[in-house]
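Colleague: sequence plus predicted model, see below.
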Amino acid sequence: MVKIDYPKELHIFVSIYVSVDMPQTLSDHLYKSKFSLTLVHKASKAIIKKGAIQLDKDSTKLTESEKLTLKLFEYFTSLQRVLQDIENVLVFLKIDTKKIRKVHPLLDTDEEYYKYHFENYIIRVISLQDIVGKLGNILYKTNIDDEKCNGYNFKEELKKNGNPKHSYISAILEQSIDVKKVRHKKLHRGIAEINNLRGVVFWDDLEKATSKKFDKILHEMSAGDLSIQINEIEKETVKIIDLIIEFFDNSLDELNNI
């Protein structure tokens, strides 16, 4: 029996194609845009052709257009992976830490647990705008060095070229500006205050530190405060996705011209 090693992009394409009809998730939300459906359609043809070339069934080489399409698809699936990571962060944030301690009894404090996952959210949500910049760089042929390209310098390049679509990127950047400030402090100072946890009292940690028991209502109030903050970052992510979709759906002509 001959084992066929299909190109890795085909496995990604199949998972994305299936996810379109699955229950709504953050990444599913992204793939309901006109841009994503058009890109997946274009990429699927290039992926199949690439597979045929690898299997020596077709001597034709990929065109420059097909190579660019696959590069776009690669970055677009990176957006999906980041959104899946954010979904995982939300899952962990919503789990009662008492259940976590049954699996990881050495967990230090509730505060450190939530801080760790909120920091993960911050890192990943900022990476969304940088990936969008790399996608836009290909679509709009702004010729920024790929490794140095991010949302900010892509926006500036569009602005410099007099392209009004820089406003879409500005909106994406502005939506997460506060998050970026926290990330900047974390990267350059090693510590940063998580605004979402400001004012939240971790009564279990205090009980452990003081050997005292506090009223149940205090625990419930803190749990409610945490739930509000978790819902806020979920809503914030959806807003960012909507802005990303708006930019891409207004870039269909650029995609079709590749």
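Modeller: Great, that's in hand.
Colleague: can you get me a residue count around Pro174?
Modeller: Small correction: residue 174 is Glu, not Pro. When neighbours are defined as other Cβ atoms under 10 Å, Glu174 has 11 of them. Where C-beta positions appear, they are placed from N, C-alpha and C, glycine not excepted.
Colleague: and for Lys45?
Modeller: For Lys45, using other Cβ under 10 Å, the count is 11.
Colleague: now swap in Val125 and tell me
Modeller: Val125, neighbours per other Cβ under 10 Å, totals 23.
Colleague: check it and give its pLDDT.
Modeller: On pLDDT, Val125 comes in at 89.
Colleague: same question, Lys61
Modeller: Confidence score, pLDDT, at Lys61: 81.
Colleague: then Lys186?
Modeller: Reported pLDDT for Lys186: 50.
Colleague: the one 5 residues further on now?
Modeller: Here, the pLDDT recorded for Ile191 equals 54.
Colleague: which neighbouring elements make contact with the helix or strand hosting Ser227?
Modeller: Assigned by DSSP states H and E, Ser227 belongs to helix 216-249. Under the contact definition 3 or more Cβ pairs under 8 Å, 6 or more residues apart in numbering; DSSP states H and E, helix 216-249 sits against helix 26-30, helix 34-54, helix 64-94, helix 110-139, helix 166-175, helix 203-210.
Colleague: please find the angle between the direction vectors of that helix and helix 64-94.
Modeller: 170 degrees (axes from the mean of the first three to the mean of the last three Cα atoms, to 10 degrees).
Colleague: all numbers from here: first residue = 231
Modeller: I'll keep to 231 as the first residue from here, and by that count the last item is helix 446-479.
Colleague: before we move on, the earlier item: could you point out which of the helices and strands packed on helix 446-479 sits nearest Asp483?
Modeller: helix 340-369 (9.5 Å; Cβ to Cβ).
Colleague: and that closest one, what's buried?
Modeller: Buried residues in helix 340-369, counted by 16 or more other Cβ atoms under 10 Å: 340-341, 343-345, 347-369.
Colleague: that helix packs against which elements?
Modeller: By 3+ Cβ pairs under 8 Å, 6+ apart, helix 340-369 packs against helix 294-324, helix 327-333, helix 381-390, helix 396-405, helix 407-419, helix 433-440, helix 446-479.
Colleague: CA atoms only: put the shortest one into CSV for me.
Modeller: Which is helix 327-333. What follows is helix 327-333, C-alpha atoms only, in CSV (Å, rounded to 0.1, in the frame of the first residue of the first chain):
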residue,chain,number,x,y,z
THR,A,327,-10.2,26.9,40.9
LYS,A,328,-11.3,24.4,43.6
LYS,A,329,-11.7,21.9,40.7
ILE,A,330,-8.3,22.8,39.4
ARG,A,331,-6.7,22.2,42.8
LYS,A,332,-8.0,18.6,42.7
VAL,A,333,-5.8,18.0,39.7
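Colleague: which residues are in contact with it?
Modeller: 337, 340, 343, 434 (Cβ atoms under 8 Å, 6 or more residues apart in numbering).
Colleague: rewinding a little: let me have the helices and strands packed on helix 446-479 in a markdown table, extended by distance to Lys465.
Modeller: Listed next are these as a markdown table, based on distance: least, Cβ to Cβ, whole Å:
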| stretch | distance to Lys465 |
| --- | --- |
| helix 256-260 | 11 |
| helix 264-284 | 21 |
| helix 294-324 | 11 |
| helix 340-369 | 12 |
| helix 396-405 | 11 |
| helix 433-440 | 26 |
